[in-house]
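Novice: fold the following and give me the result.
(one chain, ligands or ions: 1)
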Amino acid sequence: MKDVVYVTIEGFKGLEVPLAGKLTERLVELGAIAVAREGSVALDLSVSWAKPSPTALFEMVRNALQELGVSDHCRVEIEGEVLRIFVTDPQSVKLAIGDVGVQNSRLHVCPHCGYATLYEELLKEHVKLHYIGV
Ligand SMILES: [Zn+2]
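Specialist: Residues are numbered from 1 along each chain as shown. Just a heads-up that it's a prediction; the model follows:
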């Protein structure tokens, strides 16, 4: 497993941040984080003490999409260690994550690496990672 695994999102813009938030909620247990990028979410496993398998990450992404209420409008594919999300119904996804989109204005951003989350507590935990002698 590579240190950074990318989950690409095709067919929709704006899913990156809410998805990264949901994935980070799960990854913090393993000491890892998800960072929203343009058109993708980067899963930073470099400081993780229990590297999840590609299959585990695949399940994680599917569960996160389910929690966001968009799993019916997306298709997730796994190819080796690359994960891809194809948004099949952008309009429905937009409706489903509409509330999250509004919350994006209250994003907490890490001054060290640009990691963004909706949750202040998560950011505090994340910033600590920069000081644990990575
Ligand atoms: Zn950071």
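
Novice: the chain: helices as residue ranges?
Specialist: With DSSP state H as the definition, the chain shows helices at residue ranges 16-27, 54-67, 90-96, 98-103, 120-129.

Novice: go through these and name the closest to the ion.
Specialist: helix 120-129 (5.6 Å; Cβ to the ion). For every residue, glycine as well, the C-beta is placed using N, CA and C.

Novice: what does the closest one rub up against?
Specialist: Helix 120-129 is contacted from outside by 21, 24-25, 28, 31, 33, 47, 108-112, 115, 117, using Cβ atoms under 8 Å, 6 or more residues apart in numbering.

Novice: mind doing that once more with 10 Å?
Specialist: With contact meaning Cβ atoms under 10 Å, 6 or more residues apart in numbering, helix 120-129 is reached by 21, 24-25, 28, 31-33, 35, 44, 46-47, 106-113, 115-117, 119.

Novice: for PyMOL, write the selection for the buried entries among the residues you listed.
Specialist: In PyMOL, a selection of the buried entries from the contacts of helix 120-129 looks like this (16 or more other Cβ atoms under 10 Å):
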select buried, resi 21+24+25+28+31+32+33+35+44+108+110+115+116+117+119
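
Novice: contacting the ion as well, which ones from the contacts of helix 120-129?
Specialist: 110, 112, 113, 115 (Cβ under 5 Å from the ion).

Novice: distance of the closest residue in space to residue 54 that isn't next to it in sequence from residue 41?
Specialist: Excluding the flanking residues, the one nearest residue 54 by Cβ to Cβ, 6 or more residues apart in numbering is residue 81, at 5.2 Å. Relative to residue 41, residue 81 is positioned 14 Å away (criterion: Cβ to Cβ, to the nearest Å).

Novice: now swap in residue 73 and tell me
Specialist: 17 Å.

Novice: any low-confidence regions in this protein?
Specialist: Filtered on pLDDT under 70, the chain yields the residue ranges 1, 99-105, 133-134.

Novice: what parts of it come near the ion?
Specialist: 110, 112, 113, 115.
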